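1. could you work out the structure for the sequence below:
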Amino acid sequence: TDIEMTPEDGVMSNGHVYSFVMDDVMVDTAFFTIMQDTTQLDYRVGVQCHEQPQLPAFRAYLEGFLMADKADAHLTYFDKKDRKGIDLGVKADAADSCVNFSLYPQKPVLAFREFSLNGDNYITTRPQKPIQADVRLKSLTDSCYMAVYADENEWGKQIANLVIDDLNLKELLTIVPVPNLPSMAGVLNLDAYYIDQEENFLVDGSLDANSFVYEGLNVGDFDSQFTYAPQSETVHVIDANLAYNGNDIVFLEGVYDATDEGELDASMLLEDVPVDMLNPFIPDQLVGFKGALSGHMDVKGPMDALLFNGALMPRDMHVLSDPYSLDFTLANDTIAFTDSRVEFDDFKFYGADENPLALNGYVDFSDFEELFLSLSLRGSNFKIVEAQRSSNKVLFGDMYGDFFARVIGSTNDLTVRGLVRVLPTTNITYIMTE
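-> Take a look at the predicted model:
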């Protein structure tokens, strides 16, 4: 770091950091330059990173100036192919206790897309008065559109609207320098309103993710509606629902009181939730799900002692492992939750034939720091595997066994006992991989 001060030139300072490592991510170069004279302070900051397993190569720069009544900041971002991912600036002018912000240039770049920007765009903050804003960005290459509008209503209260249409998630994430960020793609849409209601406010809107892809695997379309309405500084109310591929599957409503340690009173309803939507999020897809899950759950109490009451009802639900030729079917029986305790009474899992495994006992999770379990699993002549040889399987053939397992204690002091007897009718092949 160098600092120079002269009466003629003012203050000049610059500094560099090379090969800086944090959390296994190396920043090749980080630098800053500051120059100040009698009228303003100019600055420029930059970061450059090479290609790494956890982070793609990029370089980014922030430059601008500060004056007594004006300010400017301009951000640019380039990827490893020197494509411009961001080119956006903001100017601020202070006058008469107000601050007026405006964006530039007329054709900014966001997420590698060039947009047209309304030339009269503005965001104005005023003391003791609502913010005013009119900013509109329309992509010149596709249907992406973003807008911010804010004003005061007829009663002099704040209203605002944020709109995002057809935002490409994959390209957006390429300009987010977060290490180990999973690969995601899809099209995002958001339409949210803010309404000042005298002592409180209301946020209402919708958020959609269409054609969502996670780590290269298709997930589907998600649509959600939400309302957030705080009743006071400590009491917060939320109402939301989630749809998957056009079908409503989750409904959520609740009240959170932040007084003292906090208290929650919430309820959730599940309607035929297709559990296979979870499969893309399971690493390497070693385990998967099929079928649906319905039910309801009430959650009440202080945050350190929440009580769960409700029921879950699997419907034709399977737990699968394709490489290991496993397919366990859950019985279509209700799983009840009473005061954070779930009971199992001969809850059955079926394998490749009609002989089940029976689960009995309970799990008590009223204390999140120490769960208590008392479970037993028993089955005779249980057919675990029935599969033909194929290129994607490491286990195939027929496998039968007698099973007994007992788990008792807490998560801090757990005792597990079990017995597995492989029956003579077993004829199984396991292919060892690297």
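2. verify the stated contact: residue 99 with residue 125.
-> Yes - applying Cβ atoms under 8 Å, one finds residue 99 in contact with residue 125, separated by 4.9 Å. Where you see a C-beta, it was placed from the backbone N, CA and C, and this is true even at glycine.
3. what does stretch 81-91 contact?
-> 58, 60, 64, 70-79, 101-105, 108-112, 171, 174-175 (Cβ atoms under 8 Å, 6 or more residues apart in numbering).
4. those residues, buried ones only, as a PyMOL selection?
-> To isolate the buried members of these in PyMOL, using 16 or more other Cβ atoms under 10 Å:
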select buried, resi 58+60+64+71+72+74+75+76+77+78+101+102+103+104+108+109+110+111+112+174+175
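5. quick one: the helices in the stretch 51-200 of the chain, in order.
-> 169-173 (DSSP state H, counting those that start in this stretch).
6. okay, and for it, where does confidence drop off?
-> Applying pLDDT under 70 to the stretch 51-200 of the chain flags no residue at all.
7. contacts only, for the closest residue to residue 106 other than its chain neighbours.
-> With Cβ to Cβ, 6 or more residues apart in numbering as the criterion, residue 106 has its nearest non-adjacent residue at 5.6 Å, and that residue is residue 117. Listed by Cβ under 8 Å, 6+ apart, the contact set of residue 117 reads 103-108, 135-137.
8. with distance to residue 336 added, can I get those in a markdown table?
-> Listed next are the contacts of residue 117 as a markdown table, based on distance: Cβ to Cβ, whole Å:
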| residue | distance to residue 336 |
| --- | --- |
| 103 | 55 |
| 104 | 61 |
| 105 | 61 |
| 106 | 62 |
| 107 | 60 |
| 108 | 56 |
| 135 | 52 |
| 136 | 53 |
| 137 | 51 |
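9. who's residue 385 bridged to?
-> residue 326, residue 399 (DSSP bridges).
10. ditto for the one 10 residues further on
-> According to DSSP bridges, the residues that bridge with residue 395 are residue 430.
11. that one reaches residue 433, doesn't it?
-> No - under the criterion of Cβ under 8 Å, residue 395 makes no contact with residue 433, lying 11.0 Å away.
12. so residue 280, which state does it fall into?
-> helix (DSSP: H, G, I helix; E, B strand; the rest coil).
13. quick one: contacts for the nearest residue to it once chain neighbours are set aside?
-> Leaving aside its sequence neighbours, residue 280 sits nearest to residue 217 (Cβ to Cβ, 6+ apart; 3.7 Å). Contacts here follow Cβ under 8 Å, 6+ apart; on that basis residue 217 touches 279-280, 285.
14. hmm, which of those residues are the buried ones?
-> Looks like these have 279-280 buried, using 16+ other Cβ under 10 Å.
15. tell me, how many residues neighbour residue 291?
-> Applying other Cβ atoms under 10 Å, we find 19 residues neighbouring residue 291.
16. quick check: pLDDT value at residue 37.
-> pLDDT recorded at residue 37 is 78.
17. beta partners for the nearest residue to it once chain neighbours are set aside?
-> Among residues not flanking residue 37 along the chain, residue 10 sits closest, at 4.0 Å (Cβ to Cβ, 6+ apart). Beta-bridge pairing of residue 10 under DSSP bridges involves residue 6.
18. I figured residue 10 hits residue 35, correct?
-> Yes - with contact defined as Cβ under 8 Å, residue 10 counts as touching residue 35 (7.0 Å).
19. residues contacting residue 240?
-> 224-227, 251-253 are the contacts of residue 240 under Cβ under 8 Å, 6+ apart.
20. and residue 384, by the same measure?
-> 326, 351-352, 399-401.
21. likewise residue 423?
-> So residue 423 contacts 381, 400-402 (Cβ under 8 Å, 6+ apart).
22. check the gap between residue 232 and residue 321 for me.
-> 50 Å (Cβ to Cβ, to the nearest Å).
23. nope, residue 90 is what I was after
-> With Cβ to Cβ as the criterion, residue 90 and residue 321 are 52 Å apart.
24. and if you look at residue 50?
-> Residue 50 is 39 Å from residue 321, by Cβ to Cβ.
25. again, but for residue 374
-> Using Cβ to Cβ, we find residue 374 at a distance of 27 Å from residue 321.
26. and what of residue 101?
-> 55 Å.
27. and if you look at residue 283?
-> 13 Å.
28. more neighbours, the two?
-> Taking other Cβ under 10 Å, residue 283 and residue 321 do not tie; residue 321 has more neighbours (16 against 7).
29. quick one, grab the pLDDT at the more buried one.
-> 90.
30. and it, what are its bridge partners?
-> Following DSSP bridges, residue 321 is listed with bridge partners residue 326.
31. shift numbering so it begins at 53
-> In the new count, where the first residue is 53, that last one comes out as residue 373.
32. who's in contact with it?
-> Neighbour list for residue 373: 338-340 [criterion: Cβ under 8 Å, 6+ apart].
33. most neighbours, which of those?
-> residue 340 (18 neighbours).
34. that residue and residue 334 touch, don't they?
-> Yes - because the distance of 6.6 Å satisfies Cβ under 8 Å, residue 340 is recorded as touching residue 334.
35. chain neighbours aside, what residue packs nearest to residue 222?
-> residue 237 (3.9 Å).
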